[in-house]
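Participant: One predicted model, sequence on top.
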Amino acid sequence: MAAISIERMGLLSVVCVCLFFSSAFAVDRGNFKTCDQSAFCKRQRALKPGQSPYRALLDTLELSDSRLTLQLINDNNKVHLLLELYRLQGNMTRVKINELKPLKPRFEVPDVLITEPPTEPLSFLSKDENGVVLSLGAESQRLIVSARPFRLDIMEGPEVLLSLNSRGLLAFEHLRLRKDTQAQPDGAEVKESADGDQQQVEGEKDEDGESDKEEDGLWEETFKSHTDTKPNGPTSISLDFSLPGVEHVYGIPEHADNLKLKTTDGGDPYRLYNLDVFQYELYNPMALYGSIPVMLAHNTQRTMGIFWLNAAETWVDISSNTAGKTVFGKMLDFVQGSSETPQTDVRWISESGIIDVFIMLGPKPSDVFLQYASLTGTQSFPPLASLGYHQCRWNYNDQEDVKSVDQGFDQYDIPYDFIWLDIEHADGKRYFTWDPHKFSQPKDMLQGLMDKRRKMVAIVDPHIKVDSGYKIHNEITTKDFYTKNKDGGNYEGWCWPGNSGYPDFTNPEMRAWWASMFAYDQYEGSMENLFTWNDMNEPSVFNGPEVTMHKDALHGNWEHREIHNIYGLYVQRATAEGQIQRSGGVERPFVLTRAFFAGSQRYGAVWTGDNAAEWDHLKISIPMCLSLGLVGFSFCGADVGGFFKNPSTELQVRWYQTGAYQPFFRAHAHLDTTRREPWLLGPENTALIREAIRQRYALLPYWYQLFYHAHRTGMPVMRPLWVDYPKDTATFTIDDEFLIGRDLLVHPVTEEGSRGVTAYLPGAEEVWYDVHTFQKHNGVQNLYIPVTLSSIPVFQRGGSIIPRKDRVRRSSACMENDPYTLYVALSPKKFAEGELYIDDGHSFNYETKTELIHRKITFANNALTSSNLCPDCKFLTSSWIEKVLILGASKPKKVLLKMDGKETPVEFEFDASMSVLTLRKPGMNAGNDWTLLLQ
């Protein structure tokens, strides 16, 4: 929820907030910094590519089994840095650069890596006065450290995979003492020209190499009315990476932009700084609510990743030697024999901390996903119900309103699993409470939902009303758990409740206390079907700089500037741990967050924030969620219908059709919008929305199984086509269609008034079946699909088997024991395979007690067979197989079921016009071994 429409906050807070939000329908760019307005970004960007002042002191080199250490020196200011190199298991390299002897420790990001990454031995191949060559083990991979200037190259055979500091943009602002009128220049104040000459920015150097005139922004910086005191002075860091042979890079969410990242020459870099951006604009590099500093690079030969582990404000510059070249220009290069290899150069700039970067060398996309998952963990395995449909609004007015909406879904025969309450449900926006007039009997309300096997989410934001009559505030104050201001008092700012304190979630004791507040005896009125939404956790501070916390606020000994981008992760983590603890560690949590960082995927779901009811916002939801999935966060969705403004009926229908095929499926709307529950759009549109939601519910077994795999392997659930077709260059920039797993291809209709869409179907040897008509189409073609308002173009890959539950009921829990239908889509070679995953849908028993069913289903040689993938697992289901559809089949003479040593005939029918064979009621239990023989 954006910081707007806050008439209920009180006059003073309204005045305060209105200073920051001047437009009702567009971002006020003046509230947010450009690179030129961010002193460290401006300083670093003024440093141009050229000869690096850093050289490696080879006589300081030490090599242990798993680690190389080496000192670097900046010849301009003689400051020494310490380089550490690690070869990690799983084809990764870690590079750390810190000051050799900092005045005090520099911040290193905790709690993101799930463990200290295991290492593998490093060994010398050669060494001379120019540098060293180290073996990285696999496939003739080696690491070359060049001494003067310092540079790292990772090679495989004759190919350079990646270079560090090849453009000389390593810059490390060392900690220093402040002189009354002087600053000590290093890479910040002394800039390199292209030929390596030093350029003094301001003033003349004295004999110590110090400037007698201080550059703006080194020790203090003002933006609008806010002054950032910088007691540690300039501390920024920068490093460049070159990627030969690469034209396509992805990731570094969150930005409202295309999937393929653009070059930033001539504009601002991509910014990573978690912010509450009201009415965000599309197709630009401005920061949004979350930051994952991971970039993927892909070409037909290899996929690689760069993970820049830094939680401070970060900017990422991208340049390319092919940027701006037309197709004709590239053809001309080819005809003329131009030997220039495509190359992408990336530069990371962070305000503080150290350089700690993980280079993930793939080579396959799935390898990079596994490598990143081994560092930061996988997507949490969500409760099955959370993959259903969620109905939300700011705000459902009271318990009667909740009851009425709940009954509306039954009356109009539309399934849903969760209804949501926004900030107005609490008593004066005091979280963990209920409005005594509007929600006076929360347990009655929750029990009413539970009786229908439905659930609720209530918002719990991390800003706490400063009120001596409020238990939560008093306890945080007593325990001294609030974030501090620069002077040591409790940091306070304006948010929804008015004057608010901000708990220090970086403190593990604070997180443990917060988690304990979700216990049923602490969170009054809560029950086991109440789950949580953490909004505003960037954190949002309405009267703060850039609508967030002052950078010189304090978390223990560390400034907020060091930890800013990880604050939201800590909030979601503490909340998820609270939900787990309230059940004695038995039940899986569900927590939605707005702010996030690397590792947030371990704690729940994310959405794309306060979008608008506009067609372009519908379109952008696809690349935004694809980008998140590529960097580990699969459980992503966008507010269906758009948060701001009122959608047309066509837009609302199309958004439901798109959202039904995205991982997190929730409708949400602003306080000032007209009500838009699905049945308020007239019977025809209600029927279309009902059908979209029912398609979602039928596919829940497939969605659930994909999330199980994401949890186990890090593979994204919703993914770009290039992930599964990595050599098909036609897929590299597609972001208006996507794959769910590898077996469903979806091309939503996102254009107003559309009468047709063109979908690219990949795979040279493949066929794709329209899931609605069973029409078969060959791969590697642009297929034009005529559409009406009821159309959702979805295709199933030939060679796949997808389980569905076609008896849709009021909620996912009501479908628990319902039978399955198997959709077997044959490849041109008459083969198909798939899986069936079943557990209780809500507990950790799948992990702690191996209570699950995991089966492989294969069609080959005219036989469909179910075999056990987990013989040691134990779980019983009463679900059975009620139907099998085989697409691309031939007509058999008879069909036999072989099970438990017996053969029984199975009823079937064959549609010759579509080559579809339907087997009716074969009747086997979903957990059993069986074979269906087509004879």
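Facilitator: Received, thanks. Numbers count the residues shown, from 1 in each chain.

Participant: How about the contacts made by the residue lying closest to Trp558 once chain neighbours are set aside?
Facilitator: Nearest-residue entry for Trp558: Phe107, 5.8 Å, with adjacent residues in sequence omitted and distances by CB to CB, 6 or more residues apart in numbering. Backbone N, C-alpha and C define where each C-beta goes, glycine included. The contact partners of Phe107, taken as CB atoms under 8 Å, 6 or more residues apart in numbering, are Ala311, Ala312, Ser352, Gly353, Ile354, Trp558, Glu562, Ile563.

Participant: Does the second one touch Ile349 like I think?
Facilitator: I take that to be Ala312. No - contact criterion CB atoms under 8 Å: Ala312 and Ile349 do not qualify, at 10.0 Å.

Participant: who's more crowded, these two?
Facilitator: Ile349 (28 against 25; other CB atoms under 10 Å).

Participant: So for the more buried one, what pLDDT did the model give?
Facilitator: With respect to pLDDT, Ile349 scores 98.

Participant: change the start of the numbering to 53 and stick with it
Facilitator: New numbering, starting at 53: the last item is Ile401.

Participant: Bridged to it, which residues?
Facilitator: Ser290, Trp367 (DSSP bridges).

Participant: Quick one: residues contacting it.
Facilitator: Each residue near Ile401 by CB under 8 Å, 6+ apart is listed here: Phe92, Cys93, Gln96, Arg97, Ser288, Ile289, Ser290, Pro321, Thr366, Trp367, Val368, Asp369.

Participant: separation between the closest residue in space to Ser426 that isn't next to it in sequence and Tyr754?
Facilitator: What sits nearest to Ser426 in space, not counting adjacent residues and going by CB to CB, 6+ apart, is Gly142, at 5.6 Å. The spacing between Gly142 and Tyr754, counted by CB to CB, to the nearest Å, is 29 Å.

Participant: between the two, who's got more neighbours?
Facilitator: Each of Gly142 and Tyr754 has its neighbours counted (other CB under 10 Å); Tyr754 has more, 25 against 17.

Participant: As a check, name the ranges of all strands in the stretch 153-302 of the chain.
Facilitator: 175-180, 183-187, 193-198, 203-208, 211-216, 223-224, 242-244, 250-252, 272-275, 278-281, 289-296, 300-303 (DSSP state E, counting those that start in this stretch).

Participant: To clarify, my last question referred to the stretch 603-752 of the chain.
Facilitator: Using DSSP E, counting those that start in this stretch, strands in the stretch 603-752 of the chain cover 606-607, 610-611, 643-645, 657-659, 688-689, 691-692, 717-719.

Participant: Output the contacting helices and strands for the third one.
Facilitator: Read that as strand 643-645. Counting contacts by 3 or more CB pairs under 8 Å, 6 or more residues apart in numbering; DSSP states H and E, strand 643-645 packs against strand 582-586, helix 619-634, strand 657-659.

Participant: Count the neighbours of Pro154 for me.
Facilitator: Residues within reach of Pro154, counting by other CB under 10 Å, total 16.

Participant: if I pick it, what's in contact with it?
Facilitator: Pro154 neighbours (CB under 8 Å, 6+ apart): His226, Leu227.

Participant: Likewise for the one 10 residues further on?
Facilitator: For Val164, the set of contacting residues under the criterion of CB under 8 Å, 6+ apart consists of Leu361, Ala363, Thr428, Ile618, Leu621, Phe649, Ala650, Gly651.

Participant: 10 Å instead, please
Facilitator: The neighbourhood of Val164, defined by CB atoms under 10 Å, 6 or more residues apart in numbering, consists of 359, 361, 363, 427-429, 618, 621, 649-652, 654.

Participant: How about Arg625?
Facilitator: Shown in contact with Arg625 (CB under 10 Å, 6+ apart): 163, 557, 563, 566-567, 586, 618, 643, 645, 651-652, 654-656.

Participant: From those residues, pick the one nearest His226.
Facilitator: Distance to His226, by CB to CB, is smallest for Ile618 among those, at 23.7 Å.

Participant: Hmm, the closest one is touching Asn326, no?
Facilitator: Yes - assessed by CB atoms under 10 Å, Ile618 is found in contact with Asn326 at 8.9 Å.

Participant: what's the nearest residue to Phe696 if we skip its chain neighbours?
Facilitator: Nearest residue to Phe696, sequence neighbours excluded (CB to CB, 6+ apart): Ala664, at 4.3 Å.

Participant: same thing with Val846?
Facilitator: Closest residue in space to Val846, ignoring its immediate chain neighbours: Val823 at 4.7 Å, by CB to CB, 6+ apart.

Participant: what is the rounded mean pLDDT of stretch 947-965?
Facilitator: Summarised as a single mean, pLDDT over stretch 947-965 is 97.

Participant: What lies in contact with it?
Facilitator: With CB under 10 Å, 6+ apart, stretch 947-965 has contacts from 826, 914-918, 933, 936-938, 941-944, 946, 968-977, 980-987.

Participant: any idea how far the residue nearest to Trp731 when sequence neighbours are not counted lies from Leu733?
Facilitator: Once flanking residues are discounted, Trp731 sits nearest to Tyr464: 4.4 Å by CB to CB, 6+ apart. Remark: distance between Tyr464 and Leu733 (CB to CB) = 11 Å.

Participant: Now do the shared contacts for those two.
Facilitator: Common neighbours of Tyr464 and Leu733 (CB under 10 Å, 6+ apart) are Ala739, Ile741.

Participant: buried stuff in the helix or strand where Arg563 lies?
Facilitator: Per DSSP states H and E: Arg563 is located in helix 560-568. Using 16 or more other CB atoms under 10 Å as the test for burial, helix 560-568 gives Met562, Arg563, Trp565, Trp566, Ala567, Ser568.
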